[in-house]
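A.B. asks: one predicted model, sequence on top.
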Amino acid sequence: MRNAAALTTARLAWRNIWRHRQRTYLLAAVVAYATVATIFYWSLVDGYMLSVLEAHARYVLAPVTVARTAWFADPDPENGMTDTERALAALASADSPPYAPRLRFAGLLTSPYLSETAFLRGVDPFAETAVSRVPARVGEGRWLTASGEVVLGYKLAKRLDVRLGERLVVSTAALAGPRSLGLEVVGLTHARVSTVDNSGVYLHIDDARYLTGLPGATHLAVNAPLGREQALARRLAKALPASLTAKPVWDLVGPIKTDVEAAKKLSLPIGLLLAIFAALAVTSTLIVSVLERTREFGVILALGMNSGNLGWMIVLEAAFATAVGWLLGLLLGYVLIYYTSTHNVLGPFFQLYGEAWSEAGFAEEFYTFLSPLYVLYSLITVIVSALAAFFFPALRARRLQAAAALRWE
């Protein structure tokens, strides 16, 4: 008998949510909105971290960096790899993605008008295009093709008062003594990444070897898919000689990593507040619905349904409508974050912050992240909302008396 009564109550609740379509649509819309907001919020939080990672991996550092352990502690050319053959053989044996040699060193840039110190990066012009986006962000002139050329960040070039086709002198303290070299400015970067545009200096690796006296490279930049840097670094570390190590970009970004992790922790209470607001929205919608249907409930009680079954009927109605809204919200939410994770629609919006955006370490691209975990996050939000909503309206319905309910205005 109890099973039959429960089945009858469930059927009645299912029919009621479609009999009161306007109320059902309203509740489903509120739940769907809360679900979409939850999914998009956490996708945005994870996208923020990955966008910082991507900007540093593709513009400032590299997805994975291979170098001597001493160089990571003190990035001076004297700690560079004088023999890169063993490292290249190890990368080949580990079946690594594309890589490029780099030689990083400090030097003095002197134009006909001004001088400025900077960290210069000697690169293989052709291999660099496989691991960095800087070559594709040369807004004026062109990328490197041969020795004797240099590409500058456009803001650095402005400070030096140097233009395309003009020459500047690079001076540095080489391993064998002071050296200088004149280079022609062939390109200016417009990466919209502060580090690149403000202080980027790129020259041919042969010129860097002459200036530093280092025959090899300070490190190797290795490509890796976004989010797979850690796994690739671990795999490479097993294949590399004992004197070399591989580090993912996330281990090299310094205080930025701390800032991003702090922002991630801050997102947790904000996410909790989002769940609370969703619960309030769903609860208020249900309470209004129950108040509007008080006389209807009085008729149901007068026809013989006890108050306990009436309470369960309201709970089931809310559960059905909430489930419909949650499923709809999942569909809309994942369509939204799939689009924003594959199309740079948010980047131009965040670029409205101007210099503050690029100085924070971001590029002009910003993508959300796509994860199945957001189903769980949204379900938790909906469950919290539903528990609050089920409790108060159902409790009120269980206390209704048929005569009082029928007189309700």
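C.D. replies: All right, it came through fine.
A.B. asks: ranges for the strands of this structure?
C.D. replies: Counting by DSSP state E, residue ranges of the strands within the chain are 64-68, 99-110, 115-123, 138-141, 149-153, 167-174, 177-189, 201-204, 219-222, 244-248.
A.B. asks: now do the longest one: which elements does it pack against?
C.D. replies: Where contact means 3 or more Cβ pairs under 8 Å, 6 or more residues apart in numbering; DSSP states H and E, strand 177-189 is packed against strand 138-141, strand 149-153, helix 154-160, strand 167-174, helix 205-212. To be clear about C-beta, it is placed using only N, CA and C from the backbone, and glycine gets the same treatment.
A.B. asks: would you turn the strands of the chain into CSV with distance to V52, mean pLDDT and mean neighbour count?
C.D. replies: Formatted as CSV, the strands of the chain follow (distance: least, Cβ to Cβ, whole Å; pLDDT from 0 to 100; neighbours: other Cβ atoms under 10 Å):
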stretch, distance to V52, mean pLDDT, mean neighbour count
strand 64-68, 17, 89, 25
strand 99-110, 21, 91, 22
strand 115-123, 20, 92, 19
strand 138-141, 23, 91, 16
strand 149-153, 20, 94, 25
strand 167-174, 31, 88, 18
strand 177-189, 20, 91, 17
strand 201-204, 22, 95, 24
strand 219-222, 18, 90, 27
strand 244-248, 13, 88, 22
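A.B. asks: re the thing from before, and the helices and strands packed on strand 177-189 as TSV, adding distance to G325?
C.D. replies: Listed next are those as TSV, based on distance: least, Cβ to Cβ, whole Å:
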stretch	distance to G325
strand 138-141	48
strand 149-153	50
helix 154-160	50
strand 167-174	63
helix 205-212	59
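A.B. asks: out of those, nearest to W250?
C.D. replies: Proximity to W250 (Cβ to Cβ) singles out strand 149-153 among the helices and strands packed on strand 177-189, at 24.2 Å.
A.B. asks: helices and strands around that closest one, which ones?
C.D. replies: Applying 3+ Cβ pairs under 8 Å, 6+ apart, we find strand 149-153 packed against strand 177-189, helix 194-199, strand 201-204.
A.B. asks: and the average pLDDT for the second one is what?
C.D. replies: Looking at helix 194-199 alone, the average pLDDT works out to 85.
A.B. asks: right, and the helices and strands packed on strand 177-189 - which one's nearest T368?
C.D. replies: Among the helices and strands packed on strand 177-189, strand 138-141 sits nearest to T368 (Cβ to Cβ), with 27.1 Å.
A.B. asks: what residues does that closest one touch?
C.D. replies: The set of residues external to strand 138-141 that reach it, using Cβ atoms under 8 Å, 6 or more residues apart in numbering, is 151, 154, 164, 185-190.
A.B. asks: now that strand - C-alpha only, PDB.
C.D. replies: Extracted in PDB, the C-alpha atoms of strand 138-141 (Å, rounded to 0.1, in the frame of the first residue of the first chain):
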ATOM      1  CA  VAL A 138      56.400  40.800 -35.100                       C
ATOM      2  CA  GLY A 139      54.100  43.700 -35.900                       C
ATOM      3  CA  GLU A 140      56.700  45.800 -37.800                       C
ATOM      4  CA  GLY A 141      59.400  44.400 -40.100                       C
END
